[in-house]
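**Q** here you go, sequence then predicted model.
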Amino acid sequence: MNRKYFKILLSLTVVFGFIVSTNAFAAPDKILIGHPACLSGKYAKAGEQAIGGIKACVDWVNNVHGGVLVAGNRIPLKYKYYDSESKKEGVTSLIERLITVDKVNVVFSSYSSGLTLAGAPVAERYNMVYMDHGGASDRIFQQGFQYIVQTIGPGSKYHVGTLNMFDHFDPQAKKIALAYEDSEFARMTMGGAEKHAKKLGKKIVFKRTYPKGVTDLTPLLSDMKARKPDIVIGGGHYEDGQLFARQMSDLDINVKGLSLVASATLPAYYKALGGRIAEGVMGPSHWEYGVTFSPEGAMKVGLDWIGPSQDEFVSLFKKALAKNIIPDYHAAEAGAQVLAYVKAVENINSVDRDQVRAALGKLKFMSFYGGWDVDDTTGMQIGHSMVDMQWQNGERVIVWPLEAATGKLIYPKPKF
């Protein structure tokens, strides 16, 4: 384009208030998502789900949506990922590689708050849009980072709905035990739970954290048992969540309700523990199969809709992983992140990083995952609500909130 003509056109955009990016004149031939994924290591289960969810929504964007609309052209999405081995040093080095060598347009974070936080300064150094689908800690968004945007909900809210549910069904269940992993995410969840429990007039009879990689929770659980709680909430990640329930069973600790974050919701949880132990165990979730979000529902609340239906997403997820398994919320939130990025790019007709980050701050929409809206300044997710699921006869049943429930809460929880 003639430089003189370009300057004239640019001045006209100022006069008439149009937004024009140089990308509008030279649309890329592809848009590349970079991801330091957790293919192995302690977060491999959640990492596999995330990869399946991202691939599913990339498939939908390219083959149903027709590609990302930029400057009148439909641009295909590409997805480049490496195995971070669930390690911080893997995350930081891979993000730099994705940005400097692979020349990605956007980076998706690894799973977990610790890994997400580890990668944020690297993305920030390169002014790279950094989308967080697996880091729930509020602290990530208290560091002043400019380029991070959250899809998963903040950790401080994880057990808020759970406590509301128990209070709804049994307001006399006053004694609450808090036992969480000593990790960034879990500590934040515990703080939010403690604050909300006290707001509801509950009594915290036990509060303790346990170390990452713990192999024996017997001392902690024995002390907890002595306090005779009505409700136990806690957890951290997949392995310790299994240990938590298994050793509660070994010690014959039976309570009215047990809810564990980031473990009980995984499809493999029930299979790993068996019905005797897992039956009745609960977990808060960002999404569960059966929650109904639709274009019609989006229209009723005045939100735009983008993406596949729930059943389309499940089908694409199975295709992506070549496994006949139902996705869980780790997959759904990762997939919804693809849709958020695409919506932002299409809204501004550009892949310019600063413009995309600004557009994400203004974006509100609904997908199969539910609502999406972030705080413009911090990038923290504020528009997505949690649901609570419970294992019942080998099935994950949504029991809260009532308007989203696919079944009734089993309460008190069956004895181990």
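**A** Yep, that arrived.
**Q** helices along this protein, start to end?
**A** 3-16, 44-63, 88-100, 113-125, 160-169, 184-199, 218-226, 238-250, 267-273, 275-278, 295-300, 310-321, 329-348, 353-362 (DSSP state H).
**Q** now for the fourth one, which elements pack on it?
**A** What that stands for is helix 113-125. Contact partners of helix 113-125 among helices and strands, from 3 or more CB pairs under 8 Å, 6 or more residues apart in numbering; DSSP states H and E: helix 88-100, strand 130-132, strand 148-150, helix 184-199. The way it works is simple: take the backbone N, C-alpha and C, and place the C-beta from them, glycine included.
**Q** next, the buried residues of it.
**A** Going by neighbour count (16 or more other CB atoms under 10 Å), the buried part of helix 113-125 is Ser113, Gly114, Leu115, Thr116, Leu117, Ala118, Gly119, Ala120, Val122, Ala123, Glu124.
**Q** where does pLDDT dip in the chain?
**A** 1-26 (pLDDT under 70).
**Q** how is it carved up into domains?
**A** 3-153+290-373, 157-285+387-404 (automatic domain parsing).
**Q** enumerate every residue touching the most centrally placed residue in the chain.
**A** Geometric centre of the chain, nearest residue: Ile152, 3.1 Å, by CA atoms, centre = their mean. Contacts for Ile152 (CB atoms under 8 Å, 6 or more residues apart in numbering) come out as Asp132, His133, Gly134, Gly135, Ala136, His286, Glu333, Gln381.
**Q** could I get these as a markdown table with distance to Ile231?
**A** Below are the contacts of Ile152 laid out as a markdown table (distance: CB to CB, whole Å):
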| residue | distance to Ile231 |
| --- | --- |
| Asp132 | 30 |
| His133 | 29 |
| Gly134 | 27 |
| Gly135 | 27 |
| Ala136 | 21 |
| His286 | 22 |
| Glu333 | 26 |
| Gln381 | 26 |
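**Q** distance to Gln143 and neighbour count for these - can I get that in CSV?
**A** Listed next are the contacts of Ile152 as CSV, based on distance: CB to CB, whole Å; neighbours: other CB atoms under 10 Å:
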residue, distance to Gln143, neighbour count
Asp132, 12, 30
His133, 18, 32
Gly134, 17, 27
Gly135, 12, 29
Ala136, 15, 28
His286, 23, 25
Glu333, 21, 29
Gln381, 16, 25
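**Q** quick check: Thr215 vs Gln242, distance?
**A** According to CB to CB, to the nearest Å, Thr215 stands 12 Å off from Gln242.
**Q** just the contacts of Ile152 now: which is nearest Glu48?
**A** Gly134 (12.4 Å; CB to CB).
**Q** so how far is Asp170 from the closest one?
**A** Distance, Gly134 to Asp170, by CB to CB: 33 Å.
**Q** touching, Gly383 and Tyr369? I think so.
**A** No. Taking contacts as CB atoms under 8 Å, Gly383 lies outside contact range of Tyr369: 10.8 Å.
**Q** when these two are compared, which one has more neighbours?
**A** Legend: neighbour count by other CB atoms under 10 Å for Gly383 and Tyr369, higher for Tyr369 (27 against 16).
**Q** tell me how many other residues crowd the nearest residue to that one once chain neighbours are set aside.
**A** Spatially, and ignoring its direct neighbours in sequence, Tyr369 is nearest to Ala336 (3.7 Å; CB to CB, 6 or more residues apart in numbering). Residues lying near Ala336 (other CB under 10 Å) number 31.
**Q** distance of Trp400 relative to Leu163?
**A** Counting by CB to CB, the gap from Trp400 to Leu163 is 10 Å.
**Q** just Gly134 next, same as before
**A** Distance from Gly134 to Leu163, counting by CB to CB: 23 Å.
**Q** check Lys157 too.
**A** Distance of Lys157 to Leu163, computed by CB to CB: 11 Å.
**Q** same question, Lys228
**A** Using CB to CB, Lys228 is found at 18 Å from Leu163.
**Q** again, but for Ala334
**A** The spacing between Ala334 and Leu163, counted by CB to CB, is 27 Å.
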